[in-house]
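Undergrad: pasting the sequence and the predicted coordinates here, then a few questions.
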Amino acid sequence: MKYTSTGNKDTRSGFGAGLHELGKTNPNVVALCADLVGSLKMEDFIKENPERFIQTGIAEANMIGLSAGLTIGGKIPFAGTFAAFATGRVYDQIRQSVAYSNKNVKICASHAGLTLGEDGATHQMLEDIGLMKMLPNMTVIVPCDYNQTKAATIAIAEYVGPVYLRFGRPAVPNFTPADQKFVIGKANMLTEGSDVTIIATGHLVWKALEAADVLAEKGISAEVINIHTIKPIDEEAILKSVSKTRCVVTAEEHMLNGGLGDSVAQILSRKLPSPMEMVGVNDVFGESGKPNELMVKYGLDTPNIVEAAQKVIKRK
Amino acid sequence: MADIEFLKKMATQVRRDVIRMIHKPSSGHPGGSLGCADFFTALYFDVLKIDPKNFTMDGIGEDLFFLSNGHLSAAWYSVLARKGYFDIKELSTFRLINSRLQGHPTPAEHLPGIRIASGSLGQGLSVACGAALAKKLNGDNHLVFSLHGDGELQEGQIWEAAIFAAAKKIDNLISTVDYNGKQIDGPVDQVNTLGDLKGKWTTFGWEVLETNGNNMKELLATINKAKSLTGKGKPIVILMHTEMGMGVDFMMGTHKWHGKAPNEEEFERAMAQLPETIGDF
């Protein structure tokens, strides 16, 4: 493979490392957490900046409102909790106090998707990308590994406006360069290919690279694009690639309804109608299990991407 | 020393503005706006340390006010305009297409004086707490004020914020409850009673004051007492007894004018009770 993992690391630790660095470099950054400090890896920031950390207890709605209020006074709040409680539970608070009010709040959501694992469907948030991307003013970011999550965390502090940053629990291959600058809205072209475009986000990016290797062995040339910013999406990169390959597979740890595939389909159906297959969760809730078992059972694994690619090529 | 007579005149003009603003689009919420006209007037024309001509979103070096029960927008807009945040002529655009004076307040239209959207109830106390924390972090010793409906206190988020404010000793915050006892579907006591409201706030760790919100002198004295209690480790709430619809006889003593605009005949009757004291927009 063109890319080498430097070892498995969790994306939430990338968030923690980014926040830690922001604590040193940006005096306006304030962190909030609703009783999940360890899970969100916020300890280093808190240790060095106790006066800039606000523990809200188990009160997520209040945390979102506090964050909106803190921006009035020039603070840059990073509000962290699990994705389930950072979105669905507080949708109205985000909609009115953050998005409509256009406040500079960073909603930092860990444990997104099936790979949260054993806690089961109550905690396995698979609708959050859709919920957040529907809100005007909201930027939606889903980095793929530790390094990219750290870089994204640092980058969103410089951007003025509401941001939803989604990351996860499991240790996954860390392969993006540690010094790669994170540019909001600018996709990463990972492998060039001519037969099929694979557009992936989050944990599915590494699996897309694995799928590209498998496809190469079968004589199929796949172009893999990492869409780390779901909104605003890099329309130019998508159109450029699909105009060459003329078919596309999307892959995400999210419901098919409302996810990355939805966004790509909107662009292609209007500007470049092309055969498309989508890898994602198909309108069902998750369940308890090991992360990898769940990814297999719900059809989000490398073979699913390979199969989707072979299928979509036949439809050209 | 506050000029009570001027404040009373201003409150009457604000009530007149409210009815005229709501009559034109045939849409709005007169009851709460009329009930709180004295409060808005007292706050903006006597209490708040503000700079209307140089509005900034951050509000650093100023007192801040957050309206949590956003449906009282008409009275707030009237007071903001009359205090100089924007031209009073703009009051005639309330709730009409292409207006900055949206049905419920929003910073999205860049209307000076507005820092957060409200309308969906229960969110403003959290926002006020956040702004109060920012003031502490900034070493800014100005105060944060907020207004809430009593019916709004049925929202759970209010009590999340109430626990938090006491726990974190947010003592640069003065919240006020418009305690008129009425909500859209009827008396609060019948819809979903708040029970011992004073006891609830006290138990939650707040300093609680009570006042008649339609008596300008008493209201000002209470707000000033609240100010004297800031900086002592506890958040402060004023339970402000008001009459929904105050100033227009047929709108008082009922919940029916919570969110209803007057027809032509009702408009004329209301105008006859609310003389032009400062000058119409």
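TA: Here it is on my side, so go on.

Undergrad: and A:Val142, how many neighbours?
TA: By other C-beta atoms under 10 Å in any protein chain shown, the residues close to A:Val142 number 34. C-beta: built from backbone N, CA, C; applies to glycine.

Undergrad: go on, B:Gln102?
TA: For B:Gln102, using other C-beta under 10 Å, the count is 18.

Undergrad: for it, give me its contacts.
TA: By C-beta atoms under 8 Å, 6 or more residues apart in numbering or on different chains, the contact list for B:Gln102 reads B:73, B:95, B:108-109.

Undergrad: same question for B:Phe281.
TA: B:Phe281 neighbours (C-beta under 8 Å, 6+ apart): B:17, B:20, B:81, B:88-92.

Undergrad: roughly how far apart are the residue nearest to it when sequence neighbours are not counted and B:Arg16?
TA: With C-beta to C-beta, 6 or more residues apart in numbering or on different chains as the criterion, B:Phe281 has its nearest non-adjacent residue at 4.0 Å, and that residue is B:Ile88. Separation of B:Ile88 from B:Arg16 (C-beta to C-beta, to the nearest Å) stands at 12 Å.

Undergrad: the two: which is more packed in?
TA: B:Arg16 (24 against 18).

Undergrad: and that one, helix, strand or coil?
TA: Using DSSP: H, G, I helix; E, B strand; the rest coil, the structure places B:Arg16 in helix.

Undergrad: isn't it up against B:Gly279?
TA: No: counting by C-beta atoms under 8 Å, B:Arg16 sits too far from B:Gly279 to count as a contact (10.1 Å).

Undergrad: now A:Phe285: how far from chain B?
TA: Separation of A:Phe285 from chain B (C-beta to the nearest C-beta, to the nearest Å) stands at 25 Å.

Undergrad: what does the stretch 51-200 of chain A put close to chain B?
TA: A:51-52, A:54, A:56-57, A:59, A:61-75, A:77, A:92-93, A:95-97, A:100-103 (C-beta under 8 Å from any C-beta of the partner chain).

Undergrad: just the buried ones out of those, please.
TA: Buried subset of those (neighbour count, 16 or more other C-beta atoms under 10 Å in any protein chain shown): A:52, A:54, A:56, A:59, A:61-75, A:77, A:93, A:95-97, A:100-103.

Undergrad: just the contacts of B:Phe281: which are in helices?
TA: Among these, the ones falling in helices (DSSP state H) are B:17, B:20, B:81.

Undergrad: quick revisit: which of the contacts of B:Phe281 tops the neighbour count?
TA: B:Asp17 (28 neighbours).

Undergrad: can you pull the contacts of that residue?
TA: B:74-75, B:78, B:82, B:88, B:91, B:280-281.

Undergrad: closest one of those residues to B:Leu153?
TA: When the contacts of B:Asp17 are compared for distance to B:Leu153 (C-beta to C-beta), B:Ala75 wins out at 19.6 Å.

Undergrad: returning to what we had before: out of the contacts of B:Asp17, flag the one nearest to B:Gly205.
TA: Nearest member of the contacts of B:Asp17 to B:Gly205, counting by C-beta to C-beta, is B:Ala75, at 30.3 Å.

Undergrad: coming back round to it: in helices, which of the buried ones among the residues of the stretch 51-200 of chain A next to chain B fall?
TA: Per DSSP H, these map to helices at A:61-71, A:93.

Undergrad: got JSON lines for those, with pLDDT too?
TA: Converted to JSON lines, those look like this (pLDDT from 0 to 100):
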{"residue": "A:Ala61", "pLDDT": "98"}
{"residue": "A:Asn62", "pLDDT": "98"}
{"residue": "A:Met63", "pLDDT": "98"}
{"residue": "A:Ile64", "pLDDT": "98"}
{"residue": "A:Gly65", "pLDDT": "98"}
{"residue": "A:Leu66", "pLDDT": "98"}
{"residue": "A:Ser67", "pLDDT": "98"}
{"residue": "A:Ala68", "pLDDT": "98"}
{"residue": "A:Gly69", "pLDDT": "98"}
{"residue": "A:Leu70", "pLDDT": "98"}
{"residue": "A:Thr71", "pLDDT": "98"}
{"residue": "A:Gln93", "pLDDT": "98"}
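
Undergrad: among those residues, which two are most distant?
TA: A:Ala61 and A:Thr71 (16.7 Å).

Undergrad: for residue 262, helix, strand, or coil?
TA: The chain I'm using is chain A. Applying three-state DSSP: A:Asp262 is helix.

Undergrad: not quite, I wanted chain B
TA: At B:Pro262 the chain is in coil, as set by three-state DSSP.

Undergrad: right, and it touches B:Pro25 too?
TA: No: with contact defined as C-beta under 8 Å, B:Pro262 does not count as touching B:Pro25 (11.9 Å).

Undergrad: looking at the two, which is more packed in?
TA: Neighbours were counted for B:Pro262 and for B:Pro25 using other C-beta under 10 Å; B:Pro262 has more, 21 against 17.

Undergrad: distance check, the more buried one against B:Arg15.
TA: Relative to B:Arg15, B:Pro262 is positioned 13 Å away (C-beta to C-beta).

Undergrad: could you pull out the helices for the stretch 1-150 of chain A?
TA: A:11-25, A:43-48, A:60-71, A:83-86, A:91-93, A:128-133, A:146-158 (DSSP state H, counting those that start in this stretch).

Undergrad: tell me which element B:Ser78 is part of?
TA: Secondary structure from DSSP states H and E places B:Ser78 in helix B:73-83.

Undergrad: now do that helix, average pLDDT.
TA: Averaging pLDDT along helix B:73-83 yields 98.

Undergrad: what's the answer for stretch A:291-310, then?
TA: 98.

Undergrad: then stretch A:245-262?
TA: Throughout stretch A:245-262, pLDDT has a mean value of 98.

Undergrad: quick one: terminal-to-terminal distance for it?
TA: Stretch A:245-262 has an end-to-end distance of 19 Å (criterion: C-alpha to C-alpha, to the nearest Å).

Undergrad: what about the nearest residue to B:Lys49 once chain neighbours are set aside, neighbour count?
TA: Nearest non-adjacent residue to B:Lys49, counting by C-beta to C-beta, 6+ apart: B:Asp63, 4.7 Å away. For B:Asp63, the count of nearby residues is 19 (other C-beta under 10 Å).

Undergrad: equivalent analysis for B:Gly32, please.
TA: 29.

Undergrad: now B:Gln190
TA: 12.

Undergrad: specify the local secondary structure of it.
TA: helix.

Undergrad: contact partners for it?
TA: Per C-beta under 8 Å, 6+ apart, neighbours of B:Gln190: none.
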